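here is the input, now give the coordinates:
(one chain, ligands or ions: 1)
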Amino acid sequence: MAAISDRLAHSTPKIGFVSLGCPKALVDSERILTQLRIEGYEVVGGYRAADLVVVNTCGFIESAQQESLDAIGEALAENGKVIVTGCLGSREALIRERHPEVLAITGPHDYESVMRAVHAQLAPPPRNPYLDLIPASGIKLTPRHYAYLKISEGCNHKCSFCIIPKLRGKLVSRRIDAVLREAEKLIRDGVKELLVVAQDTSAYGADIRYAGAAWRGREYRTHMTDLCRALAELGVWVRLHYVYPYPHVDDVIPLMAQEKILPYMDIPLQHASPRLLKAMRRPAGGEKALRRIQEWRRICPDLTIRSTFIVGFPGETEQDFEELLAFIKAAQLDRVGCFAYSPVAGADANALPQHVSPAEMEARRTAFMQLQADISRERLRRFVGRELTVLVDSVADGKALARSFADAPEIDGLVHVRNAGQLKPGQFARTRIVHSDHYDLHAEVS
Ligand code: SF4
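Next up is the predicted model:
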């Protein structure tokens, strides 16, 4: 058996893989890796051991583009044979200008073209059904206990600072039965937390007129509220990302209040001044968003809201910025990221007048983050003395790093659990919160 394995290992083409960008890009990477493994390729760490390297790039902002171009350069220097895919792949001329020796370039979520480019360089090995075992849900780049569930590709909005619709195209929703079957498979493979992602989760299904499909003997529409109702039946944590506060989102709040899905929403608001939101061409307004958030919290007081904002957008006046500060004081959001505006090549906002100076942008960003840090700390304080269920991410030296319903992996805070020697990663545990700081909670097993 060892001899057969050695022979197969020797003849198996080896692929190196670099995955950059957001959770949606991560899901693309997982699909490509799954296909590579299904076809019998071996995926290896490091450049030198690989026969060729696939780089899945990000093209969202200038710094991400630079990082992607640098990663391509590194892979070329270390290995020499490189296939590029992902968002930056939509800008072939830019890549070719810097790295003319790249073998092939494909755009985002174009798995077939990536595989065609791989086949052109390295034929897949013969299949061996006894050795080529992969989980039913495919290869995941996240830990075993949580997974991103991508429900759609692309976006129908035209936010002036964003080139995602140009890179990833218009909204294309996956039918609800396909999404639910994938969720079931992930759970069978050990996933305890599903992170629903899209460019605009609230718009799910609009492109296919909310097509209906049967799942477990019942009819569901390809629509955000039906998706939440169905996912709520699966008995795992369900966390919603990239939600826009449209009226129909009101319908999922009762599910959160009943703890059927996590009372957590990631809503990228970006600003609060109506004038600036218009210049940004954002799909939802500040005043309406505030009323909606307040009403949601009335129904579901524990609702945790994460958001991101841009300061220093072209034309942002002192008054616009004051409106933004007043909004975050009133909205009492839990987790907030704030970015200084950075132009993206190809975005319409670049042509807007009255760009804010870098020094002023940084001053506004600092003032914003100082105010928000106090709000976040106060919001966390409400948990002290309470019992919370947490999902354990890792355990070492008798302490666990875990997350509550209020913490998405990678981007939010953590619950540090002491006396946790008996806990295991991927396990739910009841804890009592004993202390809080700006971003994290501290707990003991109860
Ligand atoms: S909603 Fe706006 S920011 Fe988000 S992907 Fe679509 S165009 Fe870009």
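
okay, CA-based contacts and neighbour counts for the rest of this
Will do.

how many residues are close by Leu186?
Leu186 has 25 neighbours, counted by other Cα atoms under 10 Å.

report the secondary structure state of it.
Secondary structure assignment for Leu186 (DSSP: H, G, I helix; E, B strand; the rest coil): helix.

wait, it sits on Ala147?
Yes: between Leu186 and Ala147 a contact is recorded at 7.5 Å, counting by Cα atoms under 8 Å.

am I right that Gly205 is in contact with Ala211?
Yes: assessed by Cα under 8 Å, Gly205 is found in contact with Ala211 at 7.1 Å.

what do these two both touch?
Arg175, Thr222 (Cα atoms under 8 Å, 6 or more residues apart in numbering).

looking at those two, which has the bigger crowd around it?
Neighbours per residue, other Cα under 10 Å: of Gly205 and Ala211, the larger number sits with Gly205, 23 against 15.

got a list of what the more buried one touches?
Val172, Ser173, Arg174, Arg175, Ala211, Thr222, His223, Met224 are the contacts of Gly205 under Cα under 8 Å, 6+ apart.

pLDDT weak spots in the chain?
Flagging of the chain using pLDDT under 70 yields the residue ranges 1-11, 125-139, 284-287.

write out the residues of it neighbouring the ligand.
Within the chain, the positions lying close to the ligand (Cα under 6 Å from any ligand atom) are Cys155, His157, Lys158, Cys159, Cys162, Ile164, Pro165, Gln199, Asp200.

from the residues you listed, which two are the most distant?
Cys162 and Asp200 (13.2 Å; Cα to Cα).

narrow the contacts of Gly205 to those in helices?
Members of the contacts of Gly205 lying in helices (criterion: DSSP state H): Met224.

of the contacts of Gly205, grab the buried ones for ChimeraX.
In ChimeraX, this line selects whichever of the contacts of Gly205 come out buried by 16 or more other Cα atoms under 10 Å:
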select :172,173,174,175,222,223,224
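
looking at the contacts of Gly205, which is nearest the ligand?
Nearest to the ligand out of the contacts of Gly205 is Val172 (Cα to the nearest ligand atom; 12.4 Å).

check contacts around the closest one.
Here Val172 is in contact with Ser152, Glu153, Gly154, Cys155, Gly205, Asp207, Ile208 (Cα under 8 Å, 6+ apart).

the same query, at a cut-off of 10 Å, please.
Shown in contact with Val172 (Cα atoms under 10 Å, 6 or more residues apart in numbering): Ile151, Ser152, Glu153, Gly154, Cys155, Asn156, Tyr204, Gly205, Ala206, Asp207, Ile208.

same check on Ser160?
277-282, 344, 346-352.

now do the contacts for Arg298.
Arg292.

tell me which element it falls in.
helix 286-299 (DSSP states H and E).

what's the helix or strand just after that helix packed up against?
Counting by DSSP H and E, the next helix or strand C-terminal to helix 286-299 is strand 304-311. Packing contacts for strand 304-311, counted by 3 or more Cα pairs under 10 Å, 6 or more residues apart in numbering; DSSP states H and E, involve strand 264-266, helix 286-299, helix 318-331, strand 335-340, helix 358-381.

which one, of these, ends up nearest to Val311?
That would be strand 335-340 among the helices and strands packed on strand 304-311, by Cα to Cα, at 5.1 Å.

in the stretch 301-446 of the chain, what residue comes closest to the ligand?
Ala347 (10.0 Å).

check the secondary structure at the residue nearest to Gly86 when sequence neighbours are not counted for me.
Excluding its sequence neighbours, the residue lying closest to Gly86 (Cα to Cα, 6 or more residues apart in numbering) is Pro108, at 3.9 Å. Look at Pro108: counting by three-state DSSP, its state is coil.

what is the burial count for Pro108?
26.

so it touches Phe60, yeah?
No: applying Cα atoms under 10 Å, one finds Pro108 not in contact with Phe60, separated by 11.9 Å.

which residues are common contacts for these two?
Cys87, Leu88, Leu167.

could you tell me how many residues sit around the last one?
The criterion is other Cα under 10 Å. On that basis, Leu167 has 21 neighbouring residues.

tell me which element it falls in.
Assigned by DSSP H and E, Leu167 belongs to helix 164-168.

mind listing the strands in the stretch 51-200 of the chain by residue range?
Counting by DSSP state E, counting those that start in this stretch, the stretch 51-200 of the chain has these strands, from start to end: 52-57, 82-86, 104-105, 146-150, 152-153, 172-173, 193-197.

list the contacts of the last one.
By Cα under 10 Å, 6+ apart, the list of residues contacting strand 193-197 from outside reads 23-24, 27, 144-153, 183, 186-187, 227-228, 231, 235-243, 261-262, 266, 391, 408-409, 426.

just the helices and strands packed on strand 304-311: most buried one?
strand 264-266 (a mean of 22; mean count of other Cα atoms under 10 Å).

helices or strands next to that one in the packing?
strand 237-240, helix 253-257, strand 304-311.

looking at these, which one is packed in the most?
strand 237-240 (a mean of 23).

summarise which helices and strands it is packed against.
Here strand 237-240 touches strand 146-150, strand 193-197, helix 224-231, strand 264-266, going by 3+ Cα pairs under 10 Å, 6+ apart.

got the CA coordinates for the first one in CSV?
Which is strand 146-150. What follows is strand 146-150, C-alpha atoms only, in CSV (Å, rounded to 0.1, in the frame of the first residue of the first chain):
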residue,chain,number,x,y,z
TYR,A,146,-17.8,27.4,11.0
ALA,A,147,-18.3,28.0,7.3
TYR,A,148,-19.3,30.8,4.9
LEU,A,149,-22.4,30.2,2.9
LYS,A,150,-22.4,32.3,-0.2
